[in-house]
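**Student:** structure, please.
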Amino acid sequence: MAGLLGTSLCGALLGLLCMSAPALAVEVKVPAEPLSAPVGRTAELTCTYSTSVGDNFALEWSFVPPGKPISASHPILYFTSGHLYPTGSKANRASLLQNPPTGGVATLKLTDVHPSDTGTYLCQVNNPPDFYSNGLGLINLTVLVPPSSPLCSQSGQTSVGSSAALRCSSSEGAPRPVYHWVRLGSSPTPSPGSMVQDPSKGRVAGAVIGVLLGVLFLSVAAFCLLRFQRERRKRPKETYGGSELREDAIAPGMSEQTSVRADSSNGLLERPHSASSVTTTKSKLPMVV
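**Tutor:** This is a model prediction of the structure:
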């Protein structure tokens, strides 16, 4: 009876010790957002972990094609017993950022990525007796491929009132290209890269500049003319004084020969009465200069 009681007590104490002991676990961290890399470049798939690395530590990277379950994964490389073993079709392009990956970093480096590298990558760490978690991280990678030139075709009649179907597709492109249809007018709109400046526009610009210079010149000339006329009005008016006409002066329009005649009866010279009776006063003829 005493033996049975002792055995039960030892079992209970062992259970309490097991429950109070900290649970050992492997924690794997990977990016939450999907990754992308251009075709032909190098992709780094970050994977870190926390555990006490022992002799049974093992790391595995595997690949799942798009649309396939995780059970259909293909191994890429293993690390176990201190050695790295690349495998599969990506073996010559796959490596670890740190080798050996025993410092908490298990990042996969994949060079010269191909379109077929698009898919889900699994980073799994095993370190017995750390079985509290599965130690698994999933990373989605998309290899970016520029779209190839689309091949377009049409079907149906192109007459008024009939139906026609236009189709375009590209053999390459990731993510899958999305097409937008735009109806152009009579003259297609050129692309921004093909726009070239028209040299006639520069000649038009020269003509505009010439017109502006001409208007400026005419404005200056008109201003100078107005100023000259204003100064001219301010000058004092000058007068011209006429000379006094004598009584014996010759009338306008008559010559001295016609104004004198000889008297044959008395031999005296006599001036015409009209000439002797012409008297004038001093006159001043104003003359504006």
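
**Student:** all helices of the stretch 1-150 of the chain, in order?
**Tutor:** When assigned using DSSP state H, counting those that start in this stretch, the helices of the stretch 1-150 of the chain occupy the ranges 2-20.

**Student:** which residues in it form strands?
**Tutor:** 27-29, 35-38, 43-45, 48-50, 58-64, 74-80, 83-86, 94-96, 108-110, 119-126, 136-144 (DSSP state E, counting those that start in this stretch).

**Student:** can those strands go into TSV with extra columns for mean pLDDT and mean neighbour count?
**Tutor:** Yep, even glycine has a C-beta here, placed from its N, CA and C like the rest. Below are the strands of the stretch 1-150 of the chain laid out as TSV (pLDDT from 0 to 100; neighbours: other CB atoms under 10 Å):
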stretch	mean pLDDT	mean neighbour count
strand 27-29	91	16
strand 35-38	95	15
strand 43-45	97	19
strand 48-50	91	17
strand 58-64	95	21
strand 74-80	94	17
strand 83-86	93	13
strand 94-96	95	18
strand 108-110	96	20
strand 119-126	95	21
strand 136-144	95	18
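
**Student:** distance to His180 added to the ones you listed, as JSON lines?
**Tutor:** Supplementary listing: the strands of the stretch 1-150 of the chain in JSON lines, determined by distance: least, CB to CB, whole Å:
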{"stretch": "strand 27-29", "distance to His180": "40"}
{"stretch": "strand 35-38", "distance to His180": "22"}
{"stretch": "strand 43-45", "distance to His180": "30"}
{"stretch": "strand 48-50", "distance to His180": "42"}
{"stretch": "strand 58-64", "distance to His180": "33"}
{"stretch": "strand 74-80", "distance to His180": "38"}
{"stretch": "strand 83-86", "distance to His180": "44"}
{"stretch": "strand 94-96", "distance to His180": "39"}
{"stretch": "strand 108-110", "distance to His180": "34"}
{"stretch": "strand 119-126", "distance to His180": "29"}
{"stretch": "strand 136-144", "distance to His180": "20"}
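
**Student:** tell me which of those lies nearest to Arg176.
**Tutor:** Proximity to Arg176, assessed across those by CB to CB, is greatest for strand 136-144 (11.0 Å).

**Student:** tell me which strands and helices the closest one is in contact with?
**Tutor:** The contact analysis (3 or more CB pairs under 8 Å, 6 or more residues apart in numbering; DSSP states H and E) places strand 136-144 against strand 27-29, strand 35-38, strand 43-45, strand 119-126.

**Student:** residue contacts, Ala72?
**Tutor:** Each residue near Ala72 by CB atoms under 8 Å, 6 or more residues apart in numbering is listed here: 64-65.

**Student:** re earlier: quick one, which of the helices and strands packed on strand 136-144 is nearest to Gly88?
**Tutor:** Distances from Gly88 to each of the helices and strands packed on strand 136-144 were compared using CB to CB; the minimum, 12.1 Å, belongs to strand 119-126.
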